[in-house]
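J.: Quick one: sequence and predicted model below, then my questions.
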Amino acid sequence: MDSAILDAFFEECEDLLAALAEGLSDMRDGATDAETVNAVFRAVHSIKGAAGAFSMQALVGFAHTFETVLDAVRSGNLETGDALLKVLQRAGDILSDLVEAEQTGTTVDPSHVTPVMAELEGFLGNKPAPEDDFSFDAVTLDFADGAEGNDYITQFKPTTAFYECGHDPLLLIQALADLGDIDVTCETSAIPELAEDFDISSGYLAWRVVVRNQTSDLAIREVFAFVEDLCDLTIELADTNPDIDLSEQQGYATKFTDPNPQSPANECPAPSRPQQAPAERRSSLRVDPERVDRLINAVGELIINQSVISQRIREANLPSSSDLFSDLDDYKLLAREIQEGVMAIRAQPVRPLFQRMLRIAREAAEATGKSVSIVTDGEMTEVDKTVVERLGDPLTHMIRNAIDHGIELPQARLDAGKSGTGTLRLSASQKSGNIVIEITDDGAGLNRPKIREIAIEKNLITATTQLTEQEVDHLLFAPGFSTASEVTNLSGRGVGMDVVKTAIVELGGKIGISSVTGQGTTFTISLPLTMAVMEGMVINVSGQTMVVPITSILETVRPASTDLAKIGIDGNLLRIRGDYVPIIDLGARLGHDQQDTPLTEKVLILIQTEAITQCALAVDDIFDQRQIVVKSMQGNYGEIAGISGATILGDGKIALIIDPESIAGVGPVPLSDSVAPIATQQEMRHAG
C-alpha cells in the first residue's frame with residue numbers, strides 16, 4: 001500500500017483525535033448539547049470509516065462500539081451521566097492508543113481494551129453493536145410484528161471540489177438504493193443558460209433522495225462519510241405525512257429558485273432560516289521537516305548577511321543622506337518579515353500537547369486514588385514545533401509530581417477545609433517574546449522543612465547553610481533529589497525534577513517555583529518562542545564581544561558612587577529605588593583577569609531570572625541591540641557553564657551568548673580560553 005496514503009490517514013487521525021479530546025472535555029464540563037455530541041460522534045465515525053478502508057480490524061471494532069454508544073447519546077436513548085462520561089473519556093484514550101499502534105506496527109494490550117469495551121457495551125444493555133463491514137451491500141431489514149422503519153430525506157448538492165476529486169453522484173445514489181427503497185428527484189433549476197461564460201466545472205445539480213424504512217440515519221451517513229465536506233448535505237427524518245413539504249424541512253443548505261413557477265416538477269425546497277455562505281475551503285501542503293529546517297537556516301544566513309552589510313556601510317563612513325541607508329532599512333524590514341513567516345511555518349498550538357497531558361493527569365489521579373479536576377487555558381498559544389515535541393517528557397514528570405505529591409487525598413482535603421476534588425491547571429501564554437507554561441495545583445504546597453532535611457542527608461547542603469524559601473524550593477532540581485518515602489509507579493526513584501530542568505535548559509528556557517503552604521504550588525516554564533533567532537544586547541566584557549538575551553534584561557544603569565554599597569570583603573550592591581541588588585562582575589565570573597576599573601566607569605545590566613529575583617551584571621560597555629541568529633555549541637564543545645550558544649556578528653566575529661540564570665545562580669564559571677579561538681565561523685554556520 002502507498003505509504004503516502006497511510007501518512008495522510010494518520011495525519012487526519014491526529015486532527016480527529018484532537019477534536020475528539022476537545023469534545024469529550026467539553027462534555028465533561030457540562031456541554032452535552034447536540035452540536036458537541038455530534039462533533040464527538042463524527043470524529044469517531046470518521047476514524048472508523050477510514051480505518052475500515054485499510055482493514056484495521058482492531059481499530060474498526062472498537063471505534064464501532066464507541067460510535068454506537070455516542071449514537072445512542074445523540075438520539076436521546078442514553079443519558080450522559082458521570083459514569084458514562086468517564087467511560088467515554090477512557091474510550092477516547094484507548095482509541096488514541098489503537099491509532100498509534102497501527103501507525104507504529106505494534107499492538108495494544110487486550111487487558112487495556114477489553115474492560116473499556118465491556119463497559120461501553122454495558123451502556124448498550126449488553127447488546128452487541130451491529131456489525132458493519134464498510135461496503136455498500138444491501139441491508140436486509142426484518143421488522144418484527146409489522147413494525148416499520150422511518151423514512152429519511154437526504155438532500156445533497158455537490159460542490160466544484162466534489163467533481164474535481166473524481167466523485168460521481170450516481171454512485172452515491174446507487175449506494176442509497178442498496179439500503180432500501182428510494183425516491184429520487186434531481187433539482188435542475190440552478191442550471192444557467194448556455195453562454196460563453198458557462199463554467200462546466202461548477203456543480204449546478206442537486207438531489208433529493210427519500211430512503212425508506214431505516215432504523216436510523218447511521219447507514220445513510222456511512223454513504224457520505226468521505227464526501228460530506230465536499231457537498232451541501234442534510235439528512236432529516238421525514239414527516240409522517242406522506243405529502244412532504246420540503247419548505248418545512250429544517251437545515252436545507254442550498255436554496256434553488258425556479259425560473260418557471262408553473263412547473264410543479266421543478267418545485268424546490270426553501271430554507272426556513274437565513275443561510276450563510278459556505279466557508280471557504282482551506283488547503284494545506286505537507287512538507288518534509290528537513291526542508292523547513294534548511295529554509296530556517298537560510299533565513300538565519302540572510303539575517304547574518306544583513307548585519308554584515310550594515311557593518312560594511314558603517315565602515316565606509318557614507319553620508320547619512322545616502323540612499324543606501326533607506327535601501328538597508330527596506331532590506332531589514334524584508335528580512336524580518338521573511339524570518340517571521342518562516343518561523344510561523346514551524347509554529348503550532350500547544351493544544352495537542354495539553355490534550356496528551358490531560359490523559360497523563362487522569363491516569364495519575366486514578367493510580368493515586370485522588371479526585372482531580374484538570375483545567376487548561378491558552379491551548380491555542382503557538383510555539384515552535386521542536387519545543388512542543390520536547391516538552392512532553394518534562395510536563396509528564398511535573399504533572400505526575402503535582403498529583404502524587406501536591407494534591408492531597410479527598411479526606412485530607414476535606415479535613416483542611418477544601419473541596420474533596422483538587423484542581424490542576426495547565427496554562428500557556430506569550431509574554432515578552434517567550435512562551436510561559438504554568439502547572440498549578442491547589443494542594444498542600446511544598447514541605448520545605450522536609451526538603452531541607454533530605455538535602456542535608458544527601459550532602460547537598462550543610463546543616464548550617466542559610467537558605468531563603470525560594471532557594472530551598474530549587475533544591476528539588478538537584479540530581480537524585482526525591483521526597484518520596486517509597487517507590488511507586490509515579491515517583492520515588494530520585495529521577496524527575498532534575499531531568500525536567502535539564503530538558504528545559506536545553507531548550508533555552510528557565511523554570512521557577514512558587515509555593516504557599518496549604519494553598520498549592522505553581523511551576524513556571526519560560527521558553528523562547530523560536531530557538532533560531534532572538535533579540536540580544538551586544539556588550540564588551542574584558543575586550544571580548546558577547547551577547548545578553550534581551551528577554552532577561554530589565555534595564556541598564558550607569559551608577560554613581562552614591563548608588564553603590566559594599567557587602568562583605570569583595571561584594572558590591574547597587575542601590576536602586578530603595579532596594580539593594582547584588583552586583584556580579586561578568587568578566588571576573590567568566591574567569592578573566594581582574595581589572596582595577598571602578599564600577600562607576602562600567603555599565604550595570606539589571607537582569608531577572610526565575611531562580612534569582614534581580615541582580616546586576618557589570619560589563620565594560622554596551623554596543624547596541626540587534627537581532628541575532630542562535631547557533632548551538634554543544635555539538636562541538638559540549639555544555640559550557642554560563643554560555644547558552646553563539647552567534648556571528650556583522651564583522652564576521654563570533655560572539656558568545658550569555659546564560660543569565662547560570663551566571664547569576666552558580667559560583668565562578670571558568671570559561672575555557674580555547675573556546676573562542678577554536679570556534680570558527682564555518683563551524684558556527686553549520687552548528688545545530
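T.: In hand now; what should we look at?
J.: Please enumerate the strands of the stretch 501-650 of the chain.
T.: Shown for the stretch 501-650 of the chain, the strands assigned by DSSP state E, counting those that start in this stretch span residues 510-516, 520-528, 533-541, 544-549, 553-557, 564-567, 571-576, 579-585, 603-607, 615-619, 621-629, 643-648.
J.: The fifth one pairs with which strands?
T.: Pairing partners of strand 553-557, with direction, according to DSSP bridges: strand 603-607 (antiparallel).
J.: Could you check the angle the partner strand makes with strand 615-619?
T.: Relative orientation of strand 603-607 versus strand 615-619 (axes from the mean of the first three to the mean of the last three CA atoms, to 10 degrees): 150 degrees.
J.: Please state the offset of strand 603-607 from the chain centre?
T.: Its chain's average C-alpha position is 35 Å from that of strand 603-607, according to CA atoms, centre = their mean, to the nearest Å.
J.: re the thing from before, out of the strands of the stretch 501-650 of the chain, nearest to residue 53?
T.: Ranking the strands of the stretch 501-650 of the chain by proximity to residue 53 (CB to CB) places strand 520-528 first, at 39.9 Å. For every residue, glycine as well, the C-beta is placed using N, CA and C.
J.: Quick check: neighbours of that closest one in the sheet, parallel or antiparallel?
T.: Taking DSSP bridges as the criterion, strand 520-528 forms sheet pairs with strand 434-441 (antiparallel), strand 510-516 (antiparallel).
J.: could you give the angle of the longest one to strand 544-549?
T.: When you say that, I think you mean strand 434-441. Put simply, strand 434-441 runs at 50 degrees to strand 544-549, going by the same axes, to 10 degrees.
J.: Quick one: closest of the strands of the stretch 501-650 of the chain to residue 73.
T.: Taking CB to CB, strand 520-528 is the member of the strands of the stretch 501-650 of the chain nearest to residue 73, at 35.3 Å.
J.: Okay, helices next: where are they in the stretch 151-300 of the chain?
T.: Taking DSSP state H, counting those that start in this stretch as the criterion, the stretch 151-300 of the chain carries its helices at 160-164, 169-179, 218-223, 289-315.
J.: mind checking which of those is nearest residue 576?
T.: helix 289-315 (32.9 Å).
J.: Just the buried residues of the closest one, please?
T.: 295-297, 299-300, 302-304, 306-307, 309-310, 313 (16 or more other CB atoms under 10 Å).
J.: Equivalent analysis for stretch 5-17, please.
T.: Neighbour-count burial for stretch 5-17, counted by 16+ other CB under 10 Å, picks out 9, 13, 16, 17.
J.: okay, the strands paired with strand 520-528, which one's buried deepest?
T.: Per residue and on average, the most neighbours among these fall to strand 434-441, with a mean of 22 (mean count of other CB atoms under 10 Å).
J.: Let's see the helix or strand following that one as CSV, backbone CA atoms only.
T.: Downstream of strand 434-441, the first helix or strand assigned by DSSP states H and E is helix 448-457. The C-alpha trace of helix 448-457 is given here as CSV (Å, rounded to 0.1, in the frame of the first residue of the first chain):
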residue,chain,number,x,y,z
ARG,A,448,10.2,23.0,53.0
PRO,A,449,11.5,21.5,56.3
LYS,A,450,11.4,18.0,54.8
ILE,A,451,13.1,19.3,51.6
ARG,A,452,15.9,20.9,53.7
GLU,A,453,16.3,17.7,55.8
ILE,A,454,16.7,15.5,52.8
ALA,A,455,19.1,17.9,51.2
ILE,A,456,21.3,17.7,54.3
GLU,A,457,21.1,13.9,54.3
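J.: Tell me which of the strands paired with strand 520-528 sits nearest to residue 237.
T.: Using CB to CB, these put strand 434-441 closest to residue 237, at 47.1 Å.
J.: what comes into contact with stretch 89-100?
T.: When contacts are defined by CB atoms under 8 Å, 6 or more residues apart in numbering, stretch 89-100 is touched by residues 10, 13, 17, 20-21, 24, 28, 44, 47, 56, 58-59, 62-63, 66, 69, 108, 112-113, 116, 119-120, 359, 362.
J.: Please pick the buried ones from those.
T.: Listed as buried from those are 13, 17, 20-21, 24, 28, 44, 47, 56, 59, 62-63, 66, 69, 108, 113, 116, 119-120, 359, 362; burial here means 16+ other CB under 10 Å.
J.: returning to what we had before: next, check the buried residues of stretch 5-17 against the helices and list the overlap.
T.: Counting by DSSP state H, the buried residues of stretch 5-17 place 9, 13, 16, 17 in helices.
J.: could those residues be laid out in JSON lines, adding pLDDT and distance to residue 593?
T.: Below are those laid out as JSON lines (pLDDT from 0 to 100; distance: CB to CB, whole Å):
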{"residue": "9", "pLDDT": "77", "distance to residue 593": "64"}
{"residue": "13", "pLDDT": "83", "distance to residue 593": "61"}
{"residue": "16", "pLDDT": "84", "distance to residue 593": "63"}
{"residue": "17", "pLDDT": "85", "distance to residue 593": "59"}
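J.: which one among the residues you listed gets closest to residue 420?
T.: Once CB to CB is applied, the member of those that ends up nearest residue 420 is residue 17, at 31.2 Å.
J.: pretty sure that closest one is in contact with residue 46, am I right?
T.: No - contact criterion CB atoms under 8 Å: residue 17 and residue 46 do not qualify, at 10.4 Å.
J.: Now do the same contact list for residue 497.
T.: By CB under 8 Å, 6+ apart, the contact list for residue 497 reads 397, 398, 401, 476, 477, 481.
J.: I'd like to know which of the residues you listed is nearest to residue 440.
T.: residue 398 (10.6 Å).
J.: what's the pLDDT at that closest one?
T.: On pLDDT, residue 398 comes in at 87.
J.: measure it to residue 357 for me?
T.: 9 Å (CB to CB, to the nearest Å).
J.: List the residues that contact residue 503.
T.: 390, 391, 393, 394.
J.: tell me the domain boundaries of this structure?
T.: 3-123, 144-257, 290-347, 350-528, 533-685 (automatic domain parsing).
J.: Considering the contacts of residue 503, which possesses the most neighbours?
T.: Ranked by the number of neighbours (other CB atoms under 10 Å), the contacts of residue 503 place residue 394 first, at 25 neighbours.
J.: for the helix or strand hosting it, the distance to its chain's centre please.
T.: Taking DSSP H and E as the criterion, residue 394 maps to helix 385-401. Relative to its chain's centre, helix 385-401 lies at 11 Å (CA atoms, centre = their mean).
J.: Go through that helix and flag the buried ones.
T.: 387, 388, 390, 391, 394, 395, 396, 397, 398, 399, 400, 401.
J.: which one of the residues you listed sits closest to residue 193?
T.: Set against residue 193, the nearest of those by CB to CB is residue 388 (54.2 Å).
J.: mind listing what that closest one touches?
T.: Contact analysis of residue 388 by CB under 8 Å, 6+ apart lists 348, 350, 352, 353.
J.: would you put the C-alpha positions of the strand or helix carrying the last one in PDB?
T.: Spelled out, that is residue 353. According to DSSP H and E, residue 353 maps onto helix 351-368. Taking C-alpha atoms only, helix 351-368 is exported to PDB below (Å, rounded to 0.1, in the frame of the first residue of the first chain):
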ATOM      1  CA  ARG A 351      -3.300  22.100  22.300                       C
ATOM      2  CA  PRO A 352      -2.300  18.600  21.200                       C
ATOM      3  CA  LEU A 353       0.400  18.600  23.900                       C
ATOM      4  CA  PHE A 354      -2.100  19.800  26.600                       C
ATOM      5  CA  GLN A 355      -4.500  17.100  25.500                       C
ATOM      6  CA  ARG A 356      -1.900  14.400  26.000                       C
ATOM      7  CA  MET A 357      -1.200  15.900  29.400                       C
ATOM      8  CA  LEU A 358      -4.900  15.600  30.300                       C
ATOM      9  CA  ARG A 359      -4.700  11.900  29.800                       C
ATOM     10  CA  ILE A 360      -1.500  11.700  32.000                       C
ATOM     11  CA  ALA A 361      -3.300  13.600  34.700                       C
ATOM     12  CA  ARG A 362      -6.400  11.400  34.600                       C
ATOM     13  CA  GLU A 363      -4.200   8.200  34.800                       C
ATOM     14  CA  ALA A 364      -2.200   9.700  37.700                       C
ATOM     15  CA  ALA A 365      -5.300  10.600  39.600                       C
ATOM     16  CA  GLU A 366      -6.700   7.200  39.100                       C
ATOM     17  CA  ALA A 367      -3.500   5.500  40.200                       C
ATOM     18  CA  THR A 368      -3.300   7.500  43.400                       C
END
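J.: If anything else comes up later, I'll come back, but that's it for now.
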